[in-house]
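Undergrad: have a look; sequence and predicted model below, questions after that.
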Number of protein chains: 2
Amino acid sequence: MKRLIVDMDDVIADATGQILHYYEQEFGVRVPRESLNNKEELEGFPDHHEKIQQFLYRENFFRTMTPHLDSREVMAELNKKYELFIVSAAMEFPQSLPEKLAWLNEYFPFLTWKQIVFCGSKAVVHGDYMIDDLPHNLERFNGEKFIYTAPHNMHIHLYNRLNSWKEVGDRLL
Amino acid sequence: MKRLIVDMDDVIADATGQILHYYEQEFGVRVPRESLNNKEELEGFPDHHEKIQQFLYRENFFRTMTPHLDSREVMAELNKKYELFIVSAAMEFPQSLPEKLAWLNEYFPFLTWKQIVFCGSKAVVHGDYMIDDLPHNLERFNGEKFIYTAPHNMHIHLYNRLNSWKEVGDRLL
């Protein structure tokens, strides 16, 4: 069975949407998702840049994200065909650890605790395929690499691109 | 730089000592550490076996463990020579995640969050050396394997054995 490594934020969980939502609640401005395209993470907002990073330390920020469209259905099928691992670089945000675990239990109940990895650097994991939105996570991976489209990675052309969970299913199922 | 993977419970943290301590507090019996030799984990106790497993879900169980003798000094030196990762199969105990992180920050402050991995199965990590007390963690590892002596692994003769952190230093520094 081939091993597939899947990221959480901006791959199965709509982290960008959560930041847009918090920004709107805090500052009363609905920033269009498209305006973040080709900007570094957290840098496409018109103002308050120093405060956006703080959202990530708030209680329930990670617990209340929305799963990406079709991610649950496709992941359930991938889970039958691959040795599937969720690998999330969560260690920078200690409060996120139990929240991410609870979120996975709610939306991806077919995954067991044995399939979950919270780390700092992903350099330590190996497998056959990795799906991630961040180039620095893909860079040192030993297997085949897929970049999952997010506003902050539109300008990256180093890796095979997956634009939706339908495309993930078409490529890997 | 070679990559070294080090476990937490019963390698840098005295998990066995913590269980003996909780057992004594709960049942008024001081079980000698030696009486656990060659028994499966949690099975060397005279009685109350079904309750011992519950200790691991208690608040502060993981937070208040004692570091193993010399582990801090030797780890500080290993951290200069190796790409050092702590890899702990903590996902079975969700409440342990922030406790383990706080424990590492207290006793091993020279390690950064980038060097910490909490997982279910260790099959997903790779490196050059692994130090662990559990044979099933060492089994699928790709690099050189060392078993760190604990009462429940005295009967295992498959791996090079390290009996103390002095021996770890002698072998790897």
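TA: In hand now; what should we look at? Numbering: from 1, shown residues only, chains lettered A, B, ... in the order given.
Undergrad: now do the contacts for residue A:159.
TA: A:135, A:138, A:145, A:146, A:147 (Cβ atoms under 8 Å, 6 or more residues apart in numbering or on different chains). For the C-beta atoms, the positions are set from N, CA and C on the backbone; glycine is no exception.
Undergrad: I'd like the next helix or strand past the helix-or-strand element of chain A with minimal mean pLDDT.
TA: For chain A, using mean pLDDT, DSSP states H and E, the weakest element among its helices and strands is helix A:49-55, scoring a mean of 91. The helix or strand immediately downstream of helix A:49-55 is helix A:71-81, counting by DSSP states H and E.
Undergrad: what's the mean pLDDT across that next one?
TA: Mean pLDDT, taken over the full extent of helix A:71-81, equals 98.
Undergrad: ok, residues contacting it?
TA: Residues from elsewhere that reach helix A:71-81 (Cβ under 8 Å, 6+ apart): A:1, A:4, A:6, A:11-12, A:84, A:107-108, A:110-111, A:165-166, A:168-169, A:172-173.
Undergrad: closest to chain B among those?
TA: residue A:111 (9.5 Å; Cβ to the nearest Cβ).
Undergrad: tell me the secondary structure at the nearest residue to that closest one once chain neighbours are set aside.
TA: Distance criterion Cβ to Cβ, 6 or more residues apart in numbering or on different chains; nearest residue to residue A:111, sequence neighbours excluded, is residue A:104 at 6.0 Å. Under DSSP: H, G, I helix; E, B strand; the rest coil, the three-state class of residue A:104 is helix.
Undergrad: what number of residues lie near residue A:54?
TA: 12 (other Cβ atoms under 10 Å in any protein chain shown).
Undergrad: now do the contacts for it.
TA: Residue A:54 touches nothing, counting by Cβ under 8 Å, 6+ apart.
Undergrad: how about residue A:57?
TA: Per Cβ under 8 Å, 6+ apart, neighbours of residue A:57: A:93, A:95.
Undergrad: phi, psi for residue A:9 please.
TA: phi -60, psi 130 (degrees, to the nearest 10).
Undergrad: hmm, I typed the wrong one, I wanted residue A:85.
TA: phi -130, psi 140.
Undergrad: these two touch, right, residue A:91 and residue A:120?
TA: Yes. Assessed by Cβ atoms under 8 Å, residue A:91 is found in contact with residue A:120 at 4.1 Å.
Undergrad: spell out which residues are contacts of both of the two.
TA: B:113, B:114, B:116, B:117.
Undergrad: rebuild those residues as a markdown table, extending it with pLDDT and neighbour count.
TA: Formatted as a markdown table, the shared contacts of residue A:91 and residue A:120 follow (pLDDT from 0 to 100; neighbours: other Cβ atoms under 10 Å in any protein chain shown):
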| residue | pLDDT | neighbour count |
| --- | --- | --- |
| B:113 | 96 | 17 |
| B:114 | 97 | 16 |
| B:116 | 98 | 24 |
| B:117 | 98 | 25 |
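Undergrad: want to throw those residues into JSON lines with secondary structure and distance to chain A?
TA: Below are these laid out as JSON lines (DSSP: H, G, I helix; E, B strand; the rest coil; distance: Cβ to the nearest Cβ, whole Å):
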{"residue": "B:113", "secondary structure": "helix", "distance to chain A": "4"}
{"residue": "B:114", "secondary structure": "helix", "distance to chain A": "3"}
{"residue": "B:116", "secondary structure": "strand", "distance to chain A": "5"}
{"residue": "B:117", "secondary structure": "strand", "distance to chain A": "4"}
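Undergrad: coming back round to it: which two among the contacts of residue A:159 are spaced furthest apart?
TA: Across the contacts of residue A:159, the longest distance by Cβ to Cβ is 11.8 Å; it joins A:135 and A:146.
Undergrad: higher neighbour count, those two?
TA: Remark: of residue A:135 and residue A:146, residue A:146 carries more neighbours, 21 against 15, as counted by other Cβ under 10 Å.
Undergrad: can you list the domains in chain A?
TA: If you go by automatic domain parsing, the domain ranges for chain A are A:3-14+A:66-172, A:15-55.
Undergrad: centre of the chain to the shortest one, how far?
TA: For domain A:15-55, the gap between its own C-alpha mean and the chain's C-alpha mean amounts to 16 Å (Cα atoms, centre = their mean, to the nearest Å).
Undergrad: what residues does chain A have near chain B?
TA: Residues of chain A lying near chain B by Cβ under 8 Å from any Cβ of the partner chain: A:3, A:5, A:83, A:85, A:87, A:91-92, A:94-95, A:97-98, A:101-102, A:112-121, A:123-127, A:142.
Undergrad: which ones among those residues map onto strands?
TA: The members of the residues of chain A next to chain B that map onto strands under DSSP state E are A:3, A:5, A:83, A:85, A:87, A:116, A:117, A:118, A:119.
Undergrad: is there a quick PyMOL command that grabs whichever of these are buried?
TA: This is the PyMOL syntax for the buried subset of those, where burial follows 16 or more other Cβ atoms under 10 Å in any protein chain shown:
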select buried, chain A and resi 3+5+83+85+87+116+117+118+119
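Undergrad: related to what we said a few turns ago, is the residue nearest to residue A:111 in contact with residue A:86, as I believe?
TA: Yes. Using Cβ under 8 Å, residue A:104 is in contact with residue A:86, at 6.5 Å.
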